[in-house]
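**Q** Below is the structure, and that's it, no one-letter string:
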């Protein structure tokens, strides 16, 4: 499984799967340069285990 973003906090498998599917969908719909600039740098955070950061 690939992860997007620089940080990988402990998250539930379901949360990571949802993040991954969302990133894959955006990568398919956005031009590569825009995806790499705006989406790829984002890191998933699990609000149930430590809050949004």
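**A** Nice, thanks for sending it over. Only a predicted model underlies this, so the values are computations on that prediction, with no experimental measurement involved. Residues are numbered from 1 along each chain as shown.
**Q** the helices in the chain, which residues?
**A** Counting by DSSP state H, the chain has these helices, from start to end: 13-29, 32-34.
**Q** Of those helices, which is nearest residue 43?
**A** Nearest to residue 43, of all these, is helix 13-29, at 9.2 Å by Cβ to Cβ. Glycine gets a C-beta too; all of them are placed from N, C-alpha and C.
**Q** pLDDT of that closest one, averaged?
**A** What helix 13-29 shows for mean pLDDT is 93.
**Q** ok, now stretch 40-53?
**A** What stretch 40-53 shows for mean pLDDT is 73.
**Q** heads up, I number from 232, so please use that
**A** Shifting the count to begin at 232 puts that one at stretch 271-284.
**Q** on that earlier part again, wait, which of the helices of the chain is closest to residue 275?
**A** When the helices of the chain are compared (using Cβ to Cβ), the closest one is helix 244-260, at 4.2 Å.
**Q** Against which helices or strands is that closest one packed?
**A** Packing contacts for helix 244-260, counted by 3 or more Cβ pairs under 8 Å, 6 or more residues apart in numbering; DSSP states H and E, involve no helix or strand.
**Q** How about it, which residues are buried there?
**A** Residues 246, 247, 250, 254, 257 are the ones in helix 244-260 that count as buried (16 or more other Cβ atoms under 10 Å).
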